[in-house]
Structures are given as structure tokens and as C-alpha cells.
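K.L.:
model this:
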Amino acid sequence: MANPKRRHSHARGAKRRTHYKLETPGTSRCTHCGAAVRPHRACPVCGYYKKRKYEAAIVAPVAGE
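P.N.:
Predicted structure coming up:
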């Protein structure tokens, strides 16, 4: 296996690593309440997905309880 002939500087290594980043997850709007929701998942706020209510999807605790 080949070995490097010369040492890479910190700047050169950092330039290579600039593309190592997290992608932002895609979001859409809930058709029932308008909250931001991941695609193909039930809304964590109201529990609706494709105009149907899913009771098991509501996991977010309500403030004050």
C-alpha cells in the first residue's frame, strides 16, 4: 500500500474536511396544524398523517402537565 511522500499541512487537511458535514433533515408542513414535520411521519404535535389521526404517534409532552 502506498504511503504519503510528504506531510500535509493543517490547512490542507482542513480544506479536505470542509465537506464532512451533517445534512439538514427535510421537513414539510403538517396539513392539519401547520407544524414542521419530517416527511412520511405522523405529526408530533397533533398526531395526524394523511388526514388520519394516529394516537400512538403523540409522544411530545404538553407544557404545564
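
K.L.:
Need the residues that contact the helix or strand of the chain with the lowest mean pLDDT.
P.N.:
When each helix and strand of the chain is scored by mean pLDDT, DSSP states H and E, strand 52-53 comes last, with a mean of 88. Under the contact criterion CB atoms under 8 Å, 6 or more residues apart in numbering, strand 52-53 has outside partners 46, 47. No exception for glycine: its C-beta is placed from N, CA and C like everyone else's.

K.L.:
Give the pairing partners of it; include direction for each.
P.N.:
Looking at strand 52-53 with DSSP bridges, its partner strands are strand 48-49 (antiparallel).

K.L.:
From the chain's centroid, how far away is the partner strand?
P.N.:
The chain centre lies 19 Å from the centre of strand 48-49; the measure is CA atoms, centre = their mean, to the nearest Å.

K.L.:
can you list contacts of it?
P.N.:
30, 31, 32, 33, 41, 42, 43, 54, 57.
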